[in-house]
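Peer 1: predicted model follows, preceded by the sequence.
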Amino acid sequence: MKYLLKTLLGGKKREVTNDNLTSTFLASCYEETKKIGYQFGKSVSNKGAIVCLEGDLGSGKTTFVKGIATAVGINETLITSPTFNYLNIFDRLVHFDLYRLKSYHEFLSMGFDEYFDDQLIVCIEWPHVIKAILPKQLYWIKLNHNLCGRSIIINKLA
Ligand SMILES: Nc1ncnc2c1ncn2[C@@H]1O[C@H](COP(=O)(O)OP(=O)(O)OP(=O)(O)O)[C@@H](O)[C@H]1O
Ligand SMILES: [Mg+2]
């Protein structure tokens, strides 16, 4: 996590806490959410990662994914909310939005777990519904509205 932090912060002020497994950032605007997503994306871009994004409606989950996408060479304008079809698939990145998914059985029956592949970055908005079947190693990112804009808490689970 130290490496990740160093990359994310680039010596700047966004870090609030760091206990080696958890890092908290403040993003005061849309561009900052994207930038933190970008730096996070760079730190995982040479390997795969499961990236779970928890947060209320409009908390910035898709914005963060736009940043990750840019980090792996995908045009951010292609990253839109896949609410009606559960997922969008790109070269190196799969973007799920499970807001409307009813159970993890549905997820498994559609074969979506095949995307848990160590070469892909798999971003999952509204991940709780599949929590029981997620791999143990993942990033759990929590976004919250706050007075400054958004807080972004990145947890690395192993
Ligand atoms: N740090 C920030 N400060 C203020 N506004 C932000 C910030 N980050 C993102 N936003 C804005 O929040 C709004 C919602 O962003 P976004 O669509 O990424 O949220 P979401 O969590 O994916 O929403 P949903 O739950 O509908 O999928 C957008 O208008 C975006 O510009
Ligand atoms: Mg979204």
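Peer 2: Arrived safely. Residues are numbered from 1 along each chain as shown. Ligands and ions are numbered 1, 2, ... in the order given.
Peer 1: residue at max distance from the center of this structure?
Peer 2: The centre of the chain is farthest from one residue, Ser109, which by Cα atoms, centre = their mean lies 23.6 Å away.
Peer 1: backbone dihedrals for it, please?
Peer 2: When read as degrees, to the nearest 10, the backbone of Ser109 gives phi -70, psi -20.
Peer 1: residues contacting it?
Peer 2: Shown here is Ser109, which makes no contacts under the criterion Cβ atoms under 8 Å, 6 or more residues apart in numbering. Bear in mind the C-beta positions are built from the backbone N, C-alpha and C, glycine included.
Peer 1: what is the helix or strand containing Phe96 packed up against?
Peer 2: Per DSSP states H and E: Phe96 is located in strand 93-97. When contacts are defined as 3 or more Cβ pairs under 8 Å, 6 or more residues apart in numbering; DSSP states H and E, strand 93-97 packs onto helix 61-71, strand 87-89, strand 121-125.
Peer 1: looking at the ones you listed, spot the one closest to ligand 2.
Peer 2: helix 61-71 (3.4 Å; Cβ to the ion).
Peer 1: which strands or helices does the closest one pack on?
Peer 2: Under the contact criterion of 3+ Cβ pairs under 8 Å, 6+ apart, helix 61-71 touches helix 30-44, strand 49-55, strand 93-97, strand 121-125, strand 138-146.
Peer 1: run through who's touching the longest one.
Peer 2: Contacts made with helix 30-44 from outside it, assessed by Cβ under 8 Å, 6+ apart, are listed as 3-4, 7-8, 10, 14, 25-27, 51, 60, 63-72, 76, 121, 139, 141, 143, 149-150, 152, 154.
Peer 1: now do it against strand 49-55, angle only.
Peer 2: Going by axes from the mean of the first three to the mean of the last three Cα atoms, to 10 degrees, helix 30-44 is angled at 150 degrees with respect to strand 49-55.
Peer 1: pretty sure Lys102 contacts Val129?
Peer 2: Yes - counting by Cβ atoms under 8 Å, Val129 is a contact partner of Lys102 at 7.4 Å.
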